[in-house]
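Peer 1: heads up, no residue letters with this:
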């Protein structure tokens, strides 16, 4: 569902937006200040930013413009009174996704929000086209200082030269899509499209039509509408969080893998395509199969080559270079100099467990570039206080973390990991099964 952020201060306008949100089913979040807007962008991604002219944004126009420039993918819609001319000079808005302005009248506001949502769907399709043409590249850098990360990219390099389908597992934000794109770019398919299917961004009917295309109604003179699969023929199909994909579509992907063809919805014609499938899962796939959110047939076809992306807390050697790369990217977006991390700040980054993984690290570096000076101190980092990190953990969680970290330090060698933990290999194997870990 498209997420909308509304920066408004007028209570009447806030009430109207709440009524529209309930009636239209829009995922709308309202904030009342620039600081709340900044926090909201750090915590979530938004497709549309609705700004009340004369509201909180008018008090800090440079700050709101900086936010818009830092998030070039967001579309901007202004809400003004009937007399917009007096406020227009405040917003020249050289923004690529500027949707214009609307009045606060309930009917016009509802229609404008509807158009904004449709604009976002159209934007997603144009983004896919840019990716197919090779004009867009992931912004997360490829860094592999940790031995376990180097082993992963060595395996990815070998898989890139094959036609095998791949399953990538890992926590949210660990870089699964980046790795999938890396495999595609180092394969013989690199000059063909890299098609990303994101189930959460589309309703089922629209997703099915976009992926598989559709056949016009009987009697229509229109030709069949081609879907993404046909447009990406010869390339790679990347399924982002395959467990969120409806089971009926998963079954059609199985047929695509087996036969190299698919049938359009509504009993359309059979279409042949040549696609490699790379699927990502934030859940343990075996658990997902048992829970019924992952097709066992699809898992069996992907499980032969599975890559498990480690969380950032298990690859601390990568953190300094990742942090520096994110700092430089944020500084370029904000058109400012790159701040330097102090020794204390770097130590704090290394000791933090990073539950949000790469996404959280990127957001923290974005924050310090926006708020800090030339040198970043430990207190400048928007991270929980050290005492908050030292909260007691359940014994089961401590055991799981100890096993996971021992395996990471010993590059998956079970004998060395068991020796370090002071347990037998048999006990370690029991722990691996209990906590569904992979060596």
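Peer 2: That came through, no problem. These numbers were taken from a predicted model, which means no experiment stands behind them.
Peer 1: quick one: which helix or strand includes residue 112?
Peer 2: helix 106-132 (DSSP states H and E).
Peer 1: Output the contacting helices and strands for the following helix or strand past that helix.
Peer 2: Remark: after helix 106-132, the chain's next helix or strand is helix 147-160, criterion DSSP H and E. Applying 3 or more Cβ pairs under 8 Å, 6 or more residues apart in numbering; DSSP states H and E, one finds that helix 147-160 contacts helix 176-185, strand 306-308. Every residue, glycine included, has its C-beta placed from N, CA and C.
Peer 1: average pLDDT for helix 147-160?
Peer 2: Mean per-residue pLDDT for helix 147-160: 91.
Peer 1: now the helix or strand just after that helix, how far from the centre of its chain.
Peer 2: Toward the C-terminus, helix 147-160 is succeeded by strand 166-169 as the next helix or strand (DSSP H and E). Its chain's average C-alpha position is 16 Å from that of strand 166-169, according to Cα atoms, centre = their mean, to the nearest Å.
Peer 1: what does stretch 346-365 give?
Peer 2: When distances are taken as Cα atoms, centre = their mean, stretch 346-365 is centred 16 Å away from the chain's centroid.
Peer 1: Neighbours of residue 243, how many?
Peer 2: Counted with other Cβ atoms under 10 Å, the neighbours of residue 243 add up to 24.
Peer 1: Contact partners for it?
Peer 2: 281, 282, 283, 285, 288, 293, 294 (Cβ atoms under 8 Å, 6 or more residues apart in numbering).
Peer 1: Put together CSV for these, with neighbour count on each row.
Peer 2: As requested, these are exported to CSV (neighbours: other Cβ atoms under 10 Å):
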residue, neighbour count
281, 24
282, 18
283, 18
285, 21
288, 20
293, 17
294, 26
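Peer 1: ranking the helices and strands packed on helix 147-160 by burial, who's on top?
Peer 2: Mean neighbours per residue, mean count of other Cβ atoms under 10 Å, is largest over those for helix 176-185, with a mean of 22.
Peer 1: Which elements pack onto it?
Peer 2: Helix 176-185 packs on helix 147-160, strand 166-169, strand 194-197, strand 236-239, strand 276-281, going by 3+ Cβ pairs under 8 Å, 6+ apart.
Peer 1: Which of the ones you listed sits closest to residue 433?
Peer 2: Closest to residue 433 of these, according to Cβ to Cβ: strand 166-169, at 16.3 Å.
Peer 1: Now do the closest one: everything it contacts.
Peer 2: 159, 176, 179-180, 183, 242, 277-285, 299, 302-303, 305-309.
Peer 1: at 6 Å what do you get?
Peer 2: Here strand 166-169 makes contact (Cβ atoms under 6 Å, 6 or more residues apart in numbering) with 159, 176, 179, 278, 279, 280, 281, 302, 305, 306, 307, 308.
Peer 1: Kindly reformat these as TSV containing distance to residue 168.
Peer 2: Formatted as TSV, these follow (distance: Cβ to Cβ, whole Å):
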residue	distance to residue 168
159	10
176	5
179	6
278	7
279	7
280	5
281	8
302	9
305	10
306	8
307	5
308	8
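Peer 1: circling back to that earlier point, from the contacts of residue 243, pick the one nearest residue 75.
Peer 2: For these, the nearest to residue 75 is residue 282 (27.5 Å; Cβ to Cβ).
Peer 1: I'd like the helices and strands packed on helix 147-160 as CSV, with distance to residue 50 and mean pLDDT appended.
Peer 2: Listed next are those as CSV, based on distance: least, Cβ to Cβ, whole Å; pLDDT from 0 to 100:
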stretch, distance to residue 50, mean pLDDT
helix 176-185, 28, 92
strand 306-308, 40, 93
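Peer 1: thinking again about what came up before, so of the contacts of strand 166-169, which two are at opposite extremes in space?
Peer 2: 159 and 281 (16.7 Å).
Peer 1: Show me the contacts of residue 243 that map onto helices.
Peer 2: Counting by DSSP state H, the part of the contacts of residue 243 found in helices is 285, 288.
Peer 1: Using TSV, please lay out the contacts of residue 243 together with distance to residue 54 and pLDDT.
Peer 2: TSV is the format used below for the contacts of residue 243 (distance: Cβ to Cβ, whole Å; pLDDT from 0 to 100):
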residue	distance to residue 54	pLDDT
281	47	93
282	42	88
283	46	88
285	52	92
288	49	91
293	47	92
294	50	93
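Peer 1: which residues of the chain fall in strands?
Peer 2: Remark: strands assigned in the chain by DSSP state E are 3-7, 27-31, 48-52, 75-80, 98-103, 166-169, 194-197, 236-239, 261-263, 270-272, 276-281, 306-308, 340-341, 375-376.
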